[in-house]
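K.L.:
please find the sequence and the predicted model below.
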Amino acid sequence: MAFNILIGRNESDKKKFGEEGTILLGKSYVKMGREVSLSNPIYLDVIKAHVVFVVGKRGGGKSYSASVIAEGIVNLPDHIAKNISVILFDTMGVFWTMKYPNEKDADLLEQWGLKPKGLEKIQVFTPIGQFESAKDKGIPTDKSFAIQASELTGEDWRLAFELPGSHPVSILIEKTLGDFAEQKRDNYNLDDIIDACKADVSFTQEVRNEAVNRFKTAKRWGLFSDQGTKIDVLVKGGSVSVLDLSAYATSEGGWGVKALVVGLICKRVFIERMISRQLEEVEAIKTGYSYFKLEEETDNIERKPLVWFIADEAHELLPAEGKTAATDALVAILREGRQPGLSLLLITQQPGKIHSDVLTQSDIVLAHRITAKRDVDALNSMMQSYLGDTLTASLNILPSESGAAIILDDNSERLYPIRVRPKFSWHGGEAPTAIKYKKSDNLGI
């Protein structure tokens, strides 16, 4: 008799929660002679903080698997889903399709006991300067988002502009923001920074001109406003917020801009959750001391949802060498995200080029097929002493079908071959073909 496999949940939590707060990720493979078939359902814990590392070569199903997890979270029962929010950094503009049902795989979904449906609780956010253009082009987007220039540190600007710390423009930026701090100017915009750079005669005209030109370029990113978007708008319980950063896919220094957005959003949410966690602990202590405290009373207290961050092309945001504007915030979540309840799902086709903390801090690894030696070596470096073989040896015995992967669970110290379940929402990450897809109709004749 098949039993459910729980990933990401230790024995203590299994006794405490059972299977509540888990999502269907797929089914395990079982080998019988030469035949390989699907067996036990595999469920993933999503109510505790995790670092999930999803790897695989191009077209191997990485973004598909991440979408399955996002789908599962918002499809939880309402009393659980309301306590979890998903923020998805969409670097290629493919995840908005989750709004629509996966009709093309209706037959496959039926085999899994599922039906096509689009996500109702999903919002697509486009940078404020790109919002109207996206709407005019017919791209489904719901709201604009923006950040305030005054939120950025000198290092944020330096990394976004991809400048070394010793560059004269970097020094001018640090001095300008330092002057603002001394003047207690907490709320300033790009024009204020430009005016200050122009007026600072302690630097040469050439340096001032370069700084001004870089900030004028930043204005064209369409990312900044005097107000900025409040975190509460992005962090919604039981909902997926897709931040569409695809507008910067082909622009010069585009990854610097994307990393800037990821870093700032992650930093702000981290701070919000740290404060919220302290208040939750205070309430837990009060409840523990009050034998007559009603459960309904504590349920009515407004809490900030736990957050799952999902980021594609993670090696560009968190490289093995060097630093981006997202590095510090992402490393903080990797190392300290458990306490405030922040989960991080990182997707990459190049695990050999990602920050070493990802390799050491991930408690769940979902690996699709991968072949490059550098990436193979990186995966094998994640091997734990309780596993008797290499990850790549396990990958090599997988069937060559869509969704095949292995999942390493550091919580239960087990490795499972898995086929990820089909999505019930439309997947926009597939490569285009020269032949149009045709759906066959069963006319009942």
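P.N.:
Done, it's in.

K.L.:
now do Glu19: how many residues are near it, please.
P.N.:
12 (other CB atoms under 10 Å). For every residue, glycine as well, the C-beta is placed using N, CA and C.

K.L.:
for it, give me its contacts.
P.N.:
Asn4, Leu6, Tyr43 (CB atoms under 8 Å, 6 or more residues apart in numbering).

K.L.:
kindly recompute the last result at 10 Å.
P.N.:
Asn4, Leu6, Arg9, Pro41, Tyr43, Asp45 (CB atoms under 10 Å, 6 or more residues apart in numbering).

K.L.:
partner residues bridging the last one?
P.N.:
In other words, Asp45. Listed by DSSP bridges, the beta-bridge partners for Asp45 are Thr22.

K.L.:
distance check, it against Ser412.
P.N.:
10 Å (CB to CB, to the nearest Å).

K.L.:
joint contacts of these two?
P.N.:
Here Asp45 and Ser412 have Leu6, Ile7, Gly8, Arg9, Asn10, Lys14 as joint contacts, going by CB under 10 Å, 6+ apart.

K.L.:
ok, now how distant is the residue nearest to the fifth one when sequence neighbours are not counted from Asp363?
P.N.:
Right, Asn10. In space, Asn10 comes closest to Asn411 once its chain neighbours are excluded; the distance is 5.1 Å by CB to CB, 6 or more residues apart in numbering. Using CB to CB, Asn411 is found at 6 Å from Asp363.

K.L.:
quickly list what's touching both of those two.
P.N.:
Counting by CB under 10 Å, 6+ apart, the shared contacts of Asn411 and Asp363 are Ile7, Gly8, Lys48, His50.

K.L.:
pLDDT value on Asp441, please?
P.N.:
At Asp441, the model reports a pLDDT of 43.

K.L.:
tell me which of Asp45 and Ser412 has more neighbours.
P.N.:
Taking other CB under 10 Å, Asp45 and Ser412 do not tie; Asp45 has more neighbours (23 against 16).

K.L.:
Leu346 versus the residue nearest to the spatial centre of the chain, what's the distance?
P.N.:
Nearest to the mean C-alpha position of the chain, by CA atoms, centre = their mean, lies Ile310 at 1.2 Å. Taking CB to CB as the measure, Ile310 and Leu346 are separated by 8 Å.

K.L.:
what does Asp244 give?
P.N.:
As judged by CB to CB, Asp244 and Leu346 stand 19 Å apart.

K.L.:
repeat that for Phe17.
P.N.:
Plainly put, Phe17 is 25 Å away from Leu346 if you go by CB to CB.

K.L.:
which strand or helix spans Ser37?
P.N.:
Per DSSP states H and E, Ser37 falls inside strand 35-45.

K.L.:
check Lys31 too.
P.N.:
Per DSSP H and E: strand 22-32 holds Lys31.

K.L.:
just checking, what packs against that strand?
P.N.:
Strand 22-32 sits against strand 5-7, strand 35-45, helix 62-74, strand 364-367, strand 404-409, strand 414-420, with contacts defined as 3 or more CB pairs under 10 Å, 6 or more residues apart in numbering; DSSP states H and E.

K.L.:
please enumerate the helices of the stretch 251-400 of the chain.
P.N.:
Taking DSSP state H, counting those that start in this stretch as the test, the helices found in the stretch 251-400 of the chain are 254-289, 295-299, 314-317, 327-336, 356-361, 373-380, 391-396.

K.L.:
circling back to that earlier point, would you turn the shared contacts of Asn411 and Asp363 into CSV with distance to Tyr248 and pLDDT?
P.N.:
Compiled in CSV, the shared contacts of Asn411 and Asp363 are given as follows (distance: CB to CB, whole Å; pLDDT from 0 to 100):
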residue, distance to Tyr248, pLDDT
Ile7, 34, 96
Gly8, 33, 95
Lys48, 33, 94
His50, 28, 97
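
K.L.:
from the residues you listed, which is closest to Phe424?
P.N.:
Closest approach to Phe424 among those (CB to CB): Ile7, at 20.1 Å.

K.L.:
just grab the bridge partners of the closest one for me.
P.N.:
Leu44.

K.L.:
about what we covered before: next secondary structure after the strand holding Ser37?
P.N.:
Once the chain leaves strand 35-45, the next helix or strand it forms, by DSSP H and E, is strand 51-55.

K.L.:
check the shared contacts of Asn411 and Asp363 and tell me the two furthest apart.
P.N.:
The widest separation within the shared contacts of Asn411 and Asp363 (CB to CB) is 11.5 Å, between Ile7 and Lys48.
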